[in-house]
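[1] Build the 3D model from these lines:
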Amino acid sequence: MSLKKIRESCRLADEILAEVVGNLRRDKSEIAVAAEIRKLAKEKTKALAFPSIVAFGKNSAEPHHSPTERKLKVGDIVKIDLGVRIDGFCSDLTRTFFTRKPTDFQQKIYATVSAAQKLGIRKVAAGTSGKALDALVRDSLARKGFAKNFIHSLGHGLGRRIHQNPKISPKSKSSLKNGDAITIEPGLYFPGKFGVRIEDTVLVGKNRAEVLTKFPKKMKVLAI
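    You can find the predicted model right below:
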């Protein structure tokens, strides 16, 4: 695996997300934002790692939403999941933003997902099983009353493919190895309302993880 290429892929994914977020305006559609991501990726890296997820408002409650003509409105939550490919090596990151001061419940959900992701990253180390890591984070969310709202796996390996071993899920038979690139991406989803996901690409070390995607994760209200 080319760690140098993955690092560069993550750096460019951060750069693209920053540019796209800076260009967000009310009445811009999900499809238009996805097209902008695709254009920037073509200019900077030649290729996306996967079709980008752009979700506004209640569409953010769908983990793998396909962009539509829905237009951005003040008050919408914005969820963007993107990754690019450098010489065949992938990156993957997700951020969730607000366009108005979040409600107390939205703040609670964002803080809960953020804490879950920090826990997952903190426990990443060579030799850890994907199943155990997923269970650790899943159990932490269940104890807070959100067992039914985390509806996908905690993460996955990536490299030449966007999804590869090690799997980090309830059914995983994989263990993390030193030098693996993986994602840690907890999310909570409330159908018909909103969803929050925070995802980073991280590098597995002997005793800890190095976060390769650097886009800030502090809760952010966008001026649109």
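[2] Look up which residues are beta-bridged to T201.
    Beta bridges link T201 to T183, judged by DSSP bridges.
[3] In this structure it contacts E8, no?
    No. Using C-beta atoms under 8 Å, T201 makes no contact with E8, being 11.8 Å away. Any C-beta I mention is one placed from the backbone N, CA and C, and that applies to glycine too.
[4] quick one: which of these two has more around it?
    Taking other C-beta atoms under 10 Å, T201 and E8 do not tie; T201 has more neighbours (25 against 18).
[5] and that one, what is it in contact with?
    Taking C-beta atoms under 8 Å, 6 or more residues apart in numbering, we find T201 in contact with 6, 10, 13, 83, 91-93, 158, 181-183, 211-213.
[6] Take those residues and lay them out in JSON lines including pLDDT.
    Shown next, in JSON lines, are the contacts of T201 (pLDDT from 0 to 100):
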{"residue": "I6", "pLDDT": "96"}
{"residue": "C10", "pLDDT": "97"}
{"residue": "A13", "pLDDT": "97"}
{"residue": "G83", "pLDDT": "97"}
{"residue": "S91", "pLDDT": "97"}
{"residue": "D92", "pLDDT": "98"}
{"residue": "L93", "pLDDT": "98"}
{"residue": "L158", "pLDDT": "97"}
{"residue": "A181", "pLDDT": "97"}
{"residue": "I182", "pLDDT": "98"}
{"residue": "T183", "pLDDT": "98"}
{"residue": "V211", "pLDDT": "98"}
{"residue": "L212", "pLDDT": "98"}
{"residue": "T213", "pLDDT": "98"}
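[7] Among those residues, which ones are in strands?
    Judged by DSSP state E, those include 93, 181-183, 211 as members of strands.
[8] neighbours of L48, just the number please.
    L48: 21 neighbours (other C-beta under 10 Å).
[9] Could you do the one 5 residues further on as well?
    Using other C-beta under 10 Å, I53 is surrounded by 22 other residues.
[10] Find the nearest non-adjacent residue to it, please.
    Spatial nearest neighbour of I53, chain neighbours left out: D81 (3.8 Å); criterion: C-beta to C-beta, 6 or more residues apart in numbering.
[11] Three-state assignment for that neighbour, please.
    Put simply, D81 is strand when judged by DSSP: H, G, I helix; E, B strand; the rest coil.
[12] Good, wrapping up.
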